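Chemist: when you get a sec, could you give me coordinates for this:
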Amino acid sequence: MKAAVLVRTGDAAKAFEIRELPIPKIKEGEVLIKVEGFGLNFADVVAREGMYEDAPPIPSVLGYDVVGRITEVAPDVKNVSVGDRVTAMTRFGGYAEYAASNALAVAKIPEDMPVGEATALTTQYCTAYYAAAEAANIHEGDRVLIHSAAGGVGTALVQFAKYKKCEIFATAGSEAKLKMLRDDGVQHAINYQTEDFEAVIKSKTDGIGVDAIFDAVGGKNVKKGFRSLIPGGGRIVCYGASNITGQNIFGKISTVLGFGFYHPIQFMSSSKSLIGVNMLRIADNKPSILARCLENVVILHKQGVFKPLVGGVYPVAQLGEAHAALEGRKTIGKITVTW
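Modeler: Below you'll find the predicted structure:
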């Protein structure tokens, strides 16, 4: 099979080569999928830059979500069958013509569902669902702040917060993205290039703060976010650190230090929470949670609550361009690459 192999870190245009590799051998509880297309996630950018500790050593095949047709199932797999068209989460290995997946991380999809829409439902929408429904458990009337709200996970979080009838604060970096957020029902769209979200929240909430924050940016955003939480149940969910990409060593150190330093007494005295989310850890150690999230994501998609926005579909020959667009925050919604 062909695979897009990460052969060097750094520049997206030089990082990948198409190589011939053996088709994966599935294990107990797994399925093999002939891949139509695979999705890009910001974790892929972090791995390409050599900063993702979970990534396999190069040369390696990245990729967390794929769409395709099942060609083989392990004997113990009962929820899907050979021939089913599915969307699936992979633990790396997605940038290939064939990929293996845990059967609990696979969901059947309609034959006519676009590949870009289908790839969004696994990693990005499952992350959003877990963060909002399980980790933060947002409720009607909550005020929430969503960073990177025009991205794949961000748009899913906005859609879920609207479904839960929350008051939404959301950040983005361009007028086009801010307009999209306003058109999608966001009450307070904040341009992080020209506005201070902490000041906006203080002004719009009479200094009270928000109930939940979803942060994929990291650095000083987290420290400012913690200050912006309402005492007595405020919680911040961190699921990324995009600010660390594209920086030299001093910038990376500054970003890490910017997160701030915390002590349990801070959390107890203010009754605030800081929650970390890593879907790989959940998939490895609690696959039943992943299966539950994926099941609910599919249900909410059928109900029209989740409407994945496709930011671009690239042929595999333009994988480097797709990576660069995602890294440069030039995209809105999910980026997908097809064979």
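
Chemist: would you put the C-alpha positions of stretch 152-159 in CSV?
Modeler: In CSV, the C-alpha atoms belonging to stretch 152-159 read as follows (Å, rounded to 0.1, in the frame of the first residue of the first chain):
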residue,chain,number,x,y,z
GLY,A,152,-12.6,21.8,13.6
VAL,A,153,-13.1,21.2,17.4
GLY,A,154,-14.1,24.8,17.9
THR,A,155,-17.0,24.7,15.4
ALA,A,156,-18.2,21.5,17.1
LEU,A,157,-18.0,23.1,20.5
VAL,A,158,-20.0,26.1,19.2
GLN,A,159,-22.7,23.8,17.8
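
Chemist: in the chain, what helix or strand scores lowest on average pLDDT?
Modeler: helix 249-258 (a mean of 50; mean pLDDT, DSSP states H and E).

Chemist: and the next helix or strand after that helix, what does it pack onto?
Modeler: Once helix 249-258 ends, the next helix or strand along the chain (criterion: DSSP states H and E) is helix 264-270. Of the remaining helices and strands, none touches helix 264-270 by 3 or more Cβ pairs under 8 Å, 6 or more residues apart in numbering; DSSP states H and E. The C-beta positions use only the backbone N, C-alpha and C, and glycine is treated the same way.

Chemist: contacting residues around helix 264-270?
Modeler: 229, 231-232, 234, 272-274 (Cβ atoms under 8 Å, 6 or more residues apart in numbering).

Chemist: with stretch 168-179 instead?
Modeler: 143-150, 154, 158, 161-162, 180-181, 185-193, 197, 200-201, 204, 210, 329, 332.

Chemist: filter the residues you listed to the buried ones?
Modeler: With neighbours counted by 16 or more other Cβ atoms under 10 Å, the contacts of stretch 168-179 contain buried members at 143-150, 154, 158, 161, 180-181, 186, 188-190, 197, 200-201, 204, 210, 329, 332.

Chemist: take the residues you listed and keep only those in strands.
Modeler: Taking DSSP state E as the definition of strands, the buried ones among the contacts of stretch 168-179 contribute 143-146, 188-190.

Chemist: ok, those vs residue 298, which is closest?
Modeler: residue 146 (22.1 Å; Cβ to Cβ).

Chemist: which residues sit in contact with that closest one?
Modeler: Going by Cβ under 8 Å, 6+ apart, residue 146 touches 154, 157-158, 161, 168-171, 213-214.

Chemist: with pLDDT and distance to residue 74 added, can I get the residues you listed in TSV?
Modeler: Below are those laid out as TSV (pLDDT from 0 to 100; distance: Cβ to Cβ, whole Å):
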residue	pLDDT	distance to residue 74
154	94	35
157	97	34
158	98	37
161	98	38
168	98	42
169	98	45
170	98	42
171	97	43
213	98	40
214	98	35
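
Chemist: in helices, which of those appear?
Modeler: Mapping the contacts of residue 146 onto helices (DSSP state H) picks out 154, 157-158, 161.

Chemist: parallel or antiparallel, list what pairs with the longest strand that the chain contains.
Modeler: The longest strand of the chain (DSSP E) is strand 30-40. Paired neighbours of strand 30-40 in the sheet (DSSP bridges): strand 65-73 (antiparallel), strand 98-102 (antiparallel), strand 334-338 (antiparallel).

Chemist: tell me the mean pLDDT over it?
Modeler: Across strand 30-40, the average pLDDT comes to 97.

Chemist: list the buried ones in that strand?
Modeler: So, applying 16+ other Cβ under 10 Å, buried residues of strand 30-40: 30-40.

Chemist: for residue 218, see how far away the residue nearest to residue 201 when sequence neighbours are not counted is.
Modeler: Leaving aside its sequence neighbours, residue 201 sits nearest to residue 228 (Cβ to Cβ, 6 or more residues apart in numbering; 4.8 Å). Residue 228 sits 15 Å away from residue 218, going by Cβ to Cβ, to the nearest Å.
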